[in-house]
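Participant: For reference, the sequence and a predicted model appear below.
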Amino acid sequence: MISTRGRYAIRVMLDLAENDTGSYIPLKDIAARQAISKKYLEIIVKDMISGGLLVAASGKGGGYKLSRSPERYTIGEILELMEGPLASVACLEDGAAPCPRAADCQTLPLWAEYDKMTHDFFYGKRLSDLVRKGTQA
């Protein structure tokens, strides 16, 4: 299940894309438009900055911006930064230890197919695909 962290991160990214004027956007404005607690967004955007999705400036005229154009973000990268691996089972996570039952596991192909569909879906969608028409800069 995708948590509020992942869903809100996408909403923040969309808000920044749709309201891009070239200036930094204050978090209080994003919080008000999205009806999300500013305090909760402060935690989320901190991870988004350290993950390279956003840039920030403090002080007068400060706020947040996308670090690149909306076309250059996939929904998958946003979700994985905020949620961690999207693998459905531990044995399919990147870097997982080899499972001793893999050769005999009747369910592994099911999980592998599901993970591929999930990965292809989220990595096949760009932030720009979600931006409302007419508001994209």
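Facilitator: Received it, and whenever you're ready, just let me know what you need. Numbering: from 1, shown residues only.
Participant: Strands of the protein, residue ranges please.
Facilitator: For the chain, the strands defined by DSSP state E cover 54-57, 63-66.
Participant: Residue 69 versus residue 121, what's the distance?
Facilitator: Separation of residue 121 from residue 69 (Cβ to Cβ, to the nearest Å): 22 Å. (Each C-beta comes from the backbone N, C-alpha and C, glycine too.)
Participant: most packed of the strands of the chain?
Facilitator: strand 63-66 (a mean of 20; mean count of other Cβ atoms under 10 Å).
Participant: Flag the shaky bits of this structure, pLDDT-wise.
Facilitator: 133-137 (pLDDT under 70).
Participant: From the centroid of it, which residue is nearest?
Facilitator: residue 78 (2.0 Å; Cα atoms, centre = their mean).
Participant: circling back: residue 100: which of the strands of the chain is closest?
Facilitator: Residue 100 sits nearest to strand 54-57 of all those, at 41.8 Å, using Cβ to Cβ.
Participant: Could you name the helices and strands sitting against the closest one?
Facilitator: Helices and strands touching strand 54-57, as assessed by 3 or more Cβ pairs under 8 Å, 6 or more residues apart in numbering; DSSP states H and E, comprise helix 4-18, helix 38-50, strand 63-66.
Participant: one more time with 7 Å
Facilitator: helix 38-50, strand 63-66 (3 or more Cβ pairs under 7 Å, 6 or more residues apart in numbering; DSSP states H and E).
Participant: Now do the residue of the chain positioned farthest from its centre against residue 89, distance only.
Facilitator: The outermost residue of the chain, judged against the average C-alpha position, is residue 104 (35.1 Å), by Cα atoms, centre = their mean. Distance, residue 104 to residue 89, using Cβ to Cβ: 15 Å.
Participant: Likewise for residue 69?
Facilitator: Counting by Cβ to Cβ, the gap from residue 69 to residue 89 is 35 Å.
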